[in-house]
Structure formats: C-alpha cells, structure tokens
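[1] What shape does this take:
(2 chains)
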Amino acid sequence: MDVQSAFLNGFIKEEVYVAQLPGFTNYEFPDHVYKLKKALYGLKQAHRSWYERLSEFLIQSGFRRGKVDSTLFIKKAKNDLLFVQIYVDDIIFGSINTLLCQEFSKSMQDEFEMSMMGELHFFLGLQIKQGKHGLFIHQSKYCTELLKKFNMETCKESSTPMAINCYLDTNATGSAVDQTKYRGMIGSLLYLTASRPDIMHNVCVCARFQSCPKESHLTTIKHILKYLIGTRNLGLWYPHGSTISLVGYSDSDFRGCKTDRKSTSGTCHLLGCSLISWHSKK
Amino acid sequence: MTDDSKKFSKISHKASGHVTYGDNNRGKILGTGKVRSSSTVEIKDVLLVDGLKHNLLSISQLCDKNLKVTFEANHCLICHASTNELVFVGKRIQNIYMVDFENTSFDSIACLFAKNDEPWIWHKRLAHIHMGHLNKLVSKHLVIGLPDIKFKSDKLCDACQKGKQVKTSFKSKQHISTSNPLELIHMDMFGPSRTRSLGGNYYALVLIDDYSQFTWTFFISSKSNTFQVFRKFAKVVQNEKDLKIKSIRSDHGGEFQNESFKKFCEHHGISHNFSAPRTPQINGVVERKNRSLEELARTMLNDNSLPKYFWADVVSTTCHMLNRVLIIHVLKLTPYEIFKGRKPNVSYFKAFGCKCFILNNGKSNLGKFDSKADEGIFLGYSLTSKAYRVYNKRTLTIEESIHVAFDEFIDSQANSSGPRNSAELISTGVDLTQPEPEIVVYPSSGATVTSSSAVELPTDWIVPKNISLDNIIGDISKGVSTRSQLGQFYLNVAFVSQLDPKSVSDALKDDHWFLAMQDELDQFKRNDIWDLVPRTKTQQIIRTKWVFRNKLDDSGMIIKNKARLVAKGYCQEEGIDYDETYALVARLEAIRILLAISSLL
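    Below you'll find the model as predicted:
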C-alpha cells in the first residue's frame, strides 16, 4: 500500500515559517506567514519526521522494530506473525492470518490517507507475480523502458552480456564519450540488478570507468543492453515449500586486474532455493 | 529410276517421254518425284519407269547435284564435291555397286545427322548470325573456309529466340471488318492532364465507332465516373441509330474492367473485348485517334497562345471538326456521312481561339450608352444547340450564343502583342499629364485598339500540390488514430489540462491546474499542516515552490494533473530550522528476504 502525501504527516519539532502563496493569499492578513506544524515536501527533516511518525504509530499499535533491519516491523499475535516492511511511504505487509492483515490495513487507513491497497503486484519497480507454486520477481517493464530510453529496442539481441575474455582498462588513448549518458546508463542498469544477478558483474565492471568513460566502455555497456533485449523477461523465482537454510557462496579471481593487482570478488546467498543477495566488488 | 511407285514420298504423275535401255528397249516414264528411303536421305528427280527390274542411281545426275562419286575396289563413296563430306556409301557386289538405303548402318546415320547439323554449327560459330546472311557470305565468296552448303533455318534456335525475339508486327488493315455502325466501339481514356479544364475535368474519354470512325469525346473529372458517362452515351447513341452496340473494345484499365461494366455488358448482351496486356497496338484505332486529337489540340492552343485550361474545349472542337473532314480511305467518305447518312456542312466553322464579339442579348441590364457586345474568345460549337461556345473576357465565363461576330483575320501574334504595345505607347509617347487615353493610334498601321479592352486572361488556375507543413493540423508522424482511441482520449481531455505550466502564474490561468493546486491545499487543511501567525522580525522565512507534473498512463496520455507544494529546503539552516535529518530506508536485500520468506511460509 501507498501513503498519499506521506511527508505531510510528519510532525516537526523545529519552528519553521513559510511565506504565503501567490494566488492563495489570505486577504485579511496579507503580511502573515505560516508556521508549520507538520513537514512539507522539500524540507530537510521531512524524511526523518515521516519515519519517526510512522514508526511511532507502528510501535504504539503493538509492533516490534527489527533489530538488524530497523525498517521491518513485526507484530506477534498469539501464534501468528505480521510483518510490515516500509520503504519511505511504500509499505508491504504480510501474514498467514488474513484477519490480522485486514485489521492492520484498517488501522492504517484511519491514521493516514492510503491508496493502492491490495495484493502485491508492483513494488519499487519490481513486478511481482504470485503463483501457485511460488513467487516470481522481474522488471520487464522497467527493462523495456530502459531500452526505449537509450534507443536500443530495435537492436539485434546478443546471447551473452559480455564477451568471454573481455578485459577493460582505463584505455587512456581511446576517444571519450558523453559522461552524462554513460552514467545514466550505469545508474539505470544498477537498478535493474535488483532482479537480475546475471548482469551484476558486467555492470559493476563498467561502473568502474564512470569518471572517464571511453568508446570501448560504451561498447561494452551496449553489449549488455543488447543482451537485455532478448532476456528482458528474466527474473528471480522463489518457489514455495523449500527448507529454510541460508547458503552463501563466494569467489574471487585472484588479482585479475592487470593494472593494480586487485581481485574482483563475488558473493551470493540463497535462502532455501531462493537467491536473496549477491554482489560483485573489486 | 525405279519401278516401285510405293518408294516415292512425293510424286507427280505425268507421262513425258521414254528411257532407252542398253538393248534398245524403251521404258515409258510414268512420273517424277522424291524418294525418301530412310529418315535422313532424300533423292530428288527420280523417274518412275514402267517395267524396270532394278532401282538405278544416275551418276551423272549425282555429279550435277554437286556431289563427287569415287569408285574403289570394293565400294564407292558419294561425297560433297567442295567439303569432301560423305553422303552415303555404295558396296560392290560382284560387278555392281549397290547402295542399301533400307539398312544403313548406325555409323552412317550419325554421319548423315552431322551433315544436317552443319548449318546450325556454323550458325552458332558465327555468333548466331542470321541464316540468310550466311547464305550471302557463301554465294558471294566473301570468306574462306565456310562450307558451300545451303543454310536453311528449318527450326527455331532457342538461344536466338531468348536473345533476339521482338514484338509481333501489326499490319494495318486494308478493309473494314464491320458492316454497320455501332457494331464495335473502341474506347480509351487519356489523362490526367496536368491542368484542370475550365469545367473541372482531368480526363478525356474517347469513343470511336469502328465502321464509320465517328468519334465522341467526353470529359470527366475522375476515372470513377467513366461508367456513368458510357452508359449515358450508349443509351443516346443506340436510340439515335436504332441499332444496338454489339461489342466494345478497351484496354485493361480499371475504369473499363470493373464490375459495373461487366454487369452492363451482360445485361445488354454486349461483348467486351480487351486488348492483350501491355499491347496497346490491339486497341490501335483509338490510340491513333488520341494522337491526332492531342496533336491538333496542341497546335490550336499554341497557335493562339491560349492558356492550357482550355484543353477540353479544344479537344472537343477538334473532334467535332475531324468527324466532318476526315476521309475514310476504304469508303472514300467522311465519318459524318457514313454515320449520319448526309454530307457535313462546314460553312459555320470558325478559327479556334479567334477574337469575337458576343452580343449582350438582354443578358444584363445595359444603359443606353453601354457597349452592346463583349469581347470573347471562340472556343467551339455547342453540342446541344445551334450555337457557338465562347469565352467572355469581361465576365470570365463560357457562354453559348449564336449572336457572335467573328474577327478571324487578326493575326494571332499581333493580337497578343497589341495590348502590350499600346501600353508602351501610353507610358512613353503620349503626354503623361493627360488622363488615360481612350484610343491610341498605331503609327504604322493606323488600326485602332482600345486600351481598355486589354483584359489579361488568368494564365492558370492554381491548384496547390505541395501543402506546407504549417497548414496541416495535427501531428503527421503520429499515424492514424481510431475512434475508440479518440473516445478514450477525450474522456481524459475533458477533465485534465494538456499544458505543462512553467510558472505559477501560468498555472493559475488554467482552471484544471488551479483545481489541482486547490486539491493540494485542501489536503493541507485536512492534515492540519500549518497555522497563520503574524510575522516577526526574527523569523527565518522559507519560500515555497509549486511543482507541476502531468501523470501519464501506459500509452503516454495525460490522465492527471498533479500539483505539489514544496519548501525550498536549501534555505534552511542547521540548528535553527532543522536538527536531525537521517531517515532509515529499507535495503532491497531486506525486501527480497521478506519476499523469500513469505514464499517459504
């Protein structure tokens, strides 16, 4: 669910005054100013005040804040658990007991102006499909928009995200390319890695050259985009009913970088059969 | 010589003389002919002689036919004298050399075939040159080494056909293949002309009666009207002659080959012949007529330097004239006489485009001293009444009138340059202080031309073809939108603004944006955001800004105008306006773990 105008809900402790609005001036007191009681969008403390407001409300209504992840709230009611995960003003919650869910959504609606309640389909750009046998997370819509944005949707697809023995270095002699565009591509691709571990390494390799991108780096990025054309429907599959066991893998390429003798290492963690975390780092 | 008449492949029986044998006996000649003993050897000039026991070959006659006969101990060879090419072989049996044509061996057949192919081999060697040419080379001894044989093209050479085939030639007919008018009507259409005619037409439909060569022309604005015109024509002309149209002939153009024509022909029992595809020659009668009409029309237009939009009138006049003066060379009569049965009268003919005066026959209300006639241009003859078609230069319209006086003798060149000369005279010769002179006197000829009569004809009706982009409403690149799409579009359009305002003042002018802003402020009120307090000097005032954003749906349509008031947070000072700003945000991993756990449960 989504909270409408979430930041306007946060109380502020400081005294902040804002000027009256052009076109909406109070005719009786044209010289008066507004003293804020709650936060406005744009104020520096708006995020914090909103978070405090929400967490206070949740704790009051019997939730316990997560110890590691302080944006996760858990409520215990007899044998059932209610999880609430907040991402600024986006909230996902779940429980086996549907009654508990209904109760929570009602209490939220009483307190805030809520919208988009219902089964989870779309969260932070992740498309989530809940099926009989499991849960599928993908970003095909985002991926299509990304390709459209960089005019790559009509390109020929490639079968790999990167050439096998592709080695990138700073390439000082190469011709420079538009840095803004390059960074835009990296940024867009980095968000796509939220559901695409297959391009994680490649994007990270390219991301190292953001300060001074050259033609060769741009070509590598375009190769990734071409790979995405054919694989835009890939995502993560979380099947039902596997055992809860956290398994971690890691690897390193033993000083693979030819210039500074640093290793690139990668890890991934599986919870049961579901891949939950991964990273690639030099 | 032979006695067996069955051996002959061709024989002419005539008793002409006798053959005297060695013992002075005489045998009667019954006939001469060709003997074809096997498939490849043919012997000419063979005599059928009564009572002969053996078949004899004449050596002297073989030698006459340019063959060489060589006798050896056990055989004889009959060869071509020039090329030494073997024709056939005779075997010696006791004292007689015999040729067995019935049982020629395989070798000799091959040999005989080789002889037959010889001309074709040379035809190939000499780059597939024509056989007649080879004959010429041989007969005139122009090259060395070419065998002296008869080159005959007795079959088609595939390669020559593929490489050199040309169109069939179309011979002109020396007789009329029909015997009555309306038995066959030729039809064709020419156009579109680049210029629209005065009547708004682009095409001309030409119809010719095959028997009389009488021609009709009709002018139409678009090809789709062809059928209506033809149907009308058919009714009128069948009624006039009391005859039925039996068949029509046209090309495969869509204006002729369509459902309406097919139905009409079926209903009236008319057979519709089409010319073979891409062969206009078959429809040659009307194609040739098109040429005549166009040529004459062009000539007449250029002769008078008239604007091109008179083309329909000039073609019509040409057709009218041709029907009356053309001579059909088989019958030695004019089409008009053949078709109508009386001699045409050409006494009323006038030169096309000549100057004329049209009497204002009570047409417009004239004053006592207004001129009685308007100047005009002669364009042709009325099809429906006994009148002339004239173009009135004053009213710029076409009229039909009989009260017309013609001035055919003015040279068209002088006619066109006259007004210009007079204008020159006005500007140079005559005193400029005077008011514009009514009459100017030519110094050379003394003829008078009124300067006020120089009404310039419009040179062309302008029909723009290239429309500038500014005049096109809507987006060209957008493509076609369907009605259902539009319906959806207008559903939103009615309630949202399509603008993206740059400033607050812009937004305040637009009702929709004003509503969106009011919406936001209502929410402020509901949430009890602020209080109005009097201003003091110590207060730090933070200004605000409106952010306007159009929310789009999947197809890019604007579905909502959203206005949001934001504070300019960068004016805030730490300690006074804010303290702590850090807010906790969930990591994507945390969300994924939650989802993973939820799927496990």
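
[2] Give the residue spans of the chain that score low on pLDDT.
    Assuming you mean chain A. Scanning chain A for pLDDT under 70 picks out A:1-2, A:4, A:22-23, A:25-27, A:116-117.

[3] let's do chain B instead
    Using pLDDT under 70, chain B drops low at B:15-16, B:36-41, B:101-116, B:410-499, B:554-556, B:601.

[4] now the helices for it?
    Remark: helices assigned in chain B by DSSP state H are B:59-64, B:106-125, B:131-139, B:158-164, B:226-241, B:259-268, B:284-303, B:311-325, B:335-340, B:412-428, B:483-493, B:504-509, B:511-527, B:588-600.

[5] So what touches the fourth one?
    Outside helix B:158-164, the residues within contact range by C-beta atoms under 8 Å, 6 or more residues apart in numbering or on different chains are B:H128. Backbone N, C-alpha and C define where each C-beta goes, glycine included.

[6] Could you dump the helices of chain B into JSON lines with distance to B:K393 added?
    JSON lines is the format used below for the helices of chain B (distance: least, C-beta to C-beta, whole Å):
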{"stretch": "helix B:59-64", "distance to B:K393": "90"}
{"stretch": "helix B:106-125", "distance to B:K393": "71"}
{"stretch": "helix B:131-139", "distance to B:K393": "66"}
{"stretch": "helix B:158-164", "distance to B:K393": "60"}
{"stretch": "helix B:226-241", "distance to B:K393": "31"}
{"stretch": "helix B:259-268", "distance to B:K393": "41"}
{"stretch": "helix B:284-303", "distance to B:K393": "17"}
{"stretch": "helix B:311-325", "distance to B:K393": "15"}
{"stretch": "helix B:335-340", "distance to B:K393": "32"}
{"stretch": "helix B:412-428", "distance to B:K393": "11"}
{"stretch": "helix B:483-493", "distance to B:K393": "51"}
{"stretch": "helix B:504-509", "distance to B:K393": "57"}
{"stretch": "helix B:511-527", "distance to B:K393": "59"}
{"stretch": "helix B:588-600", "distance to B:K393": "87"}
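
[7] Pick the most deeply packed of those helices.
    Across the helices of chain B, the average number of neighbours (mean count of other C-beta atoms under 10 Å in any protein chain shown) peaks for helix B:311-325, which reaches a mean of 22.

[8] Give me the helices and strands touching it, please.
    Contacts defined by 3 or more C-beta pairs under 8 Å, 6 or more residues apart in numbering or on different chains; DSSP states H and E place helix B:311-325 against strand B:203-209, strand B:215-220, helix B:284-303, helix B:335-340, strand B:373-381.

[9] Please name every helix or strand in contact with the longest one.
    Helices and strands in packing contact with helix B:284-303 are listed as strand B:184-190, strand B:203-209, strand B:215-220, helix B:311-325; criterion 3+ C-beta pairs under 8 Å, 6+ apart.

[10] how about these, which one is nearest A:T71?
    strand B:203-209 (79.2 Å; C-beta to C-beta).

[11] So what's the gap between that closest one and the chain middle?
    Distance of strand B:203-209 from its chain centroid, counting by C-alpha atoms, centre = their mean, to the nearest Å, is 16 Å.

[12] do stretch A:11-26 as well
    On C-alpha atoms, centre = their mean, the centre of stretch A:11-26 falls 33 Å from that of its chain.

[13] what does stretch B:582-596 give?
    On C-alpha atoms, centre = their mean, the centre of stretch B:582-596 falls 74 Å from that of its chain.

[14] before we move on, the earlier item: of all the helices and strands packed on helix B:311-325, which one is nearest A:W278?
    strand B:203-209 (74.3 Å).

[15] now the angle from the closest one to helix B:284-303?
    Interaxial angle, strand B:203-209 versus helix B:284-303 (axes from the mean of the first three to the mean of the last three C-alpha atoms, to 10 degrees): 130 degrees.

[16] before we move on, the earlier item: for A:T154, find the nearest of the helices of chain B.
    Of these, the one closest to A:T154 (C-beta to C-beta) turns out to be helix B:483-493, at 23.8 Å.

[17] Nearest the middle, which residue of chain A would you pick?
    A:L124 (5.7 Å; C-alpha atoms, centre = their mean).

[18] Next one: that one relative to chain B, how far apart?
    7 Å (C-beta to the nearest C-beta, to the nearest Å).

[19] Please report how far that residue lies from B:L595.
    12 Å (C-beta to C-beta, to the nearest Å).

[20] Repeat that for A:K258.
    40 Å.

[21] wait, B:I220 sits on B:Y203?
    Yes - assessed by C-beta atoms under 8 Å, B:I220 is found in contact with B:Y203 at 5.1 Å.

[22] shared neighbours of the two, anything?
    B:T226.

[23] burial of residue 79, as a residue count?
    No chain was given, so I picked chain A. 7 (other C-beta atoms under 10 Å in any protein chain shown).

[24] That was the other one, I meant chain B.
    B:C79, neighbours per other C-beta under 10 Å, totals 16.

[25] Check the contact between it and B:K68; I expect there is one.
    Yes - using C-beta under 8 Å, B:C79 is in contact with B:K68, at 4.9 Å.

[26] what touches both of these two?
    Contacts common to B:C79 and B:K68, judged by C-beta under 8 Å, 6+ apart, are absent.

[27] follow-up on the earlier one: who wins for proximity to B:R196 among the helices of chain B?
    Using C-beta to C-beta, the nearest of these to B:R196 is helix B:311-325, at 9.2 Å.

[28] can you give me the helices in the stretch 101-250 of chain A?
    A:140-149, A:179-192, A:200-207, A:215-230 (DSSP state H, counting those that start in this stretch).
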